[in-house]
Each structure stands twice: as C-alpha cells, then as structure tokens.
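**Q** Task: produce atomic coordinates for the following.
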Amino acid sequence: MRTIGRIGTFAFVIALALGCTGRRGGRPRGDAGPAQDSGWTFMDAAQDSPLPDGAVPDTGPDAGPPVRGCYEQCVAASDCASDPPLFDVDNWLCTGGICSYAGCNGDTECAEGFADPDYVCRAGEGGQRGCYRSCAGATDCVSDAPLFDVDNWTCTSGVCSYLGCNGDAECAEGFADPSYVCRPGDGGQRGCFRSCGAAADCASESALFDVDNWSCAGGLCMHTGCNGDPECAAAFDDPAWVCRAP
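**A** Now for the predicted structure:
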C-alpha cells in the first residue's frame, strides 16, 4: 500500500543500485516490498520521502508483524495517480480510503518507466506484479557496488533475483558506515541493518524517525512505525497523509 511504514534499509540500497531514485515526479508512495525479489515493488523506498540522510528504517531481523505506517487518503484511484505510466490511474486502487499500489500492467510500462527495454513486468511474492530486470545469467544483474556484484545475485526464471549481503564488510562499505552489519531479516534473507546500543543510535531529526519511532532490538535498529496522523502530515507536509495499520 501507499505507505512508508516498515521498510528495510536493504530495499533502499537495492533501489539505488537499480537506478530507482527519481523514477517519477511528485509525492512518495508505495510499500517497499520484498527486497529479495529485486522487483519494482520496493522502488518507492527511495522516492522523495521524508527520510533521514537518504536512508530508510531498518526493520531488524525477525521484525514481527507489520507496524503502523503513513498512507495517503483517497476517495478514488485517481487521487493516487501521477503522470508516469507505472503510476497512472490503472496502477492504483483506493482500498479502505487509502492508496494501494496494484502493480505494473505489462512489459511496456516497465521498459518505459526504467527507460530500459531489459525491464519486464512479472509476478513477485504475494502475486503482485512488479518490474524486474531480465537476464540470461547473474552477470546481467550486477553493478560495481560491493553489495551488488555477481555474488549478490542469481538469475531465476530469466529475471534478476537479489540474494542478500554476504558479510558485514559489504554493508559497512555499501553504507560508508561501520555501524551497518549483515544479518538475516524477515523471511531469512540476509540484509544490511544498523547496529545500536539504544534507540537513540537509530534516530534522526525527522518526526517519523526520531527516538520515539525506534527500538534497539538484539543490537539492531527496528523502526516501530508512526505514532499518529500529525507525524505523517508533518513529514509529507500534506494533511492527506495519515498513520494507519496496514
């Protein structure tokens, strides 16, 4: 759904590696989605959202049930839409009064959205269709960053699938910060998480990411979600954004 609730830092890094930032104008929207699929469903983590220093919250390993996140209210799908073909009215639902992303509608949308014909529309986890890079082998998926070289990818059924980090050194180098470590996250895939001694180690000045939005669980930062509508409205500078459970 159109939210910035619980989303993993690793999803954001993958989004950056795949060139997802700036993919559309306007407001942030969308669930980060499963990082392991390396599909479009997690792209929105990087889009114009009120996040500290270009990062998104770490969920931490075994983060548990979904937490409350920021959603944009709607009356109809048209309230959620923007101009790019991946985000126009046929890509959205208005469900229970909040925007819910319905996925891509075909390869053409993905190729145009990424300005790259190698991107195709395929079903990911949960069945939602997202944009994936097509491949013949893992080498077609890589970039120069240590978190995204050939040992971090597999080519599965003709599309790139992210395998996760391979150790603390990759995360520390990828984030240029030795506090980031490689640990199993939700679903068991290894991802980069910020280590901590207390919730204050995780916080930033943003209303959505200050100390009352974090816990330090097992030595890793875990975002506990929004604490009310005013946080979301302030973070997006828009009263249409509210704090809801997914």
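**Q** can we go C-alpha only for contacts and neighbour counts from here?
**A** Will do.
**Q** What distance do you get for residue 230 to residue 69?
**A** 12 Å (Cα to Cα, to the nearest Å).
**Q** Same drill for those two, tell me which one is more crowded.
**A** Using other Cα atoms under 10 Å as the criterion, residue 230 and residue 69 rank with residue 69 on top: 27 against 18.
**Q** which residues of this protein fall in helices?
**A** 9-17, 107-114, 168-174, 229-236 (DSSP state H).
**Q** Take those helices and lay them out in a markdown table including distance to residue 146 and mean pLDDT.
**A** Formatted as a markdown table, the helices of the chain follow (distance: least, Cα to Cα, whole Å; pLDDT from 0 to 100):
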| stretch | distance to residue 146 | mean pLDDT |
| --- | --- | --- |
| helix 9-17 | 10 | 32 |
| helix 107-114 | 23 | 96 |
| helix 168-174 | 6 | 96 |
| helix 229-236 | 32 | 94 |
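**Q** could you dump these to CSV with distance to residue 157?
**A** Listed next are the helices of the chain as CSV, based on distance: least, Cα to Cα, whole Å:
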stretch, distance to residue 157
helix 9-17, 20
helix 107-114, 16
helix 168-174, 27
helix 229-236, 38
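**Q** how far does stretch 111-125 stretch from start to finish?
**A** Taking Cα to Cα, the first and last residues of stretch 111-125 lie 21 Å apart.
**Q** I meant stretch 126-140, not that one.
**A** Stretch 126-140 has its terminal residues 25 Å apart, counting by Cα to Cα.
**Q** likewise stretch 179-197?
**A** Start-to-end, stretch 179-197 (Cα to Cα) is 11 Å.
**Q** Can you give me the buried ones in that stretch?
**A** 179-186, 189-196 (16 or more other Cα atoms under 10 Å).
**Q** need the strands for this protein, in chain order.
**A** 69-72, 92-95, 98-101, 119-123, 129-133, 153-156, 159-162, 180-184, 190-194, 214-217, 220-223, 241-244 (DSSP state E).
**Q** min pLDDT across the buried residues of stretch 179-197, which one?
**A** Least confident of the buried residues of stretch 179-197 in the model: residue 186, at 73.
**Q** any idea how far it lies from residue 238?
**A** Counting by Cα to Cα - residue 186 and residue 238 are separated by 31 Å.
**Q** related to what we said a few turns ago, just name the closest of the buried residues of stretch 179-197 to residue 122, please.
**A** Residue 122 has its nearest neighbour among the buried residues of stretch 179-197 in residue 189, at 20.7 Å by Cα to Cα.
**Q** wait, isn't that closest one in contact with residue 166?
**A** No. With contact defined as Cα atoms under 8 Å, residue 189 and residue 166 do not form a contacting pair (10.4 Å).
**Q** re earlier: so which of the strands of the chain is the most surrounded?
**A** Counting by mean count of other Cα atoms under 10 Å, strand 69-72 has the highest mean neighbour count of the strands of the chain, with a mean of 29.
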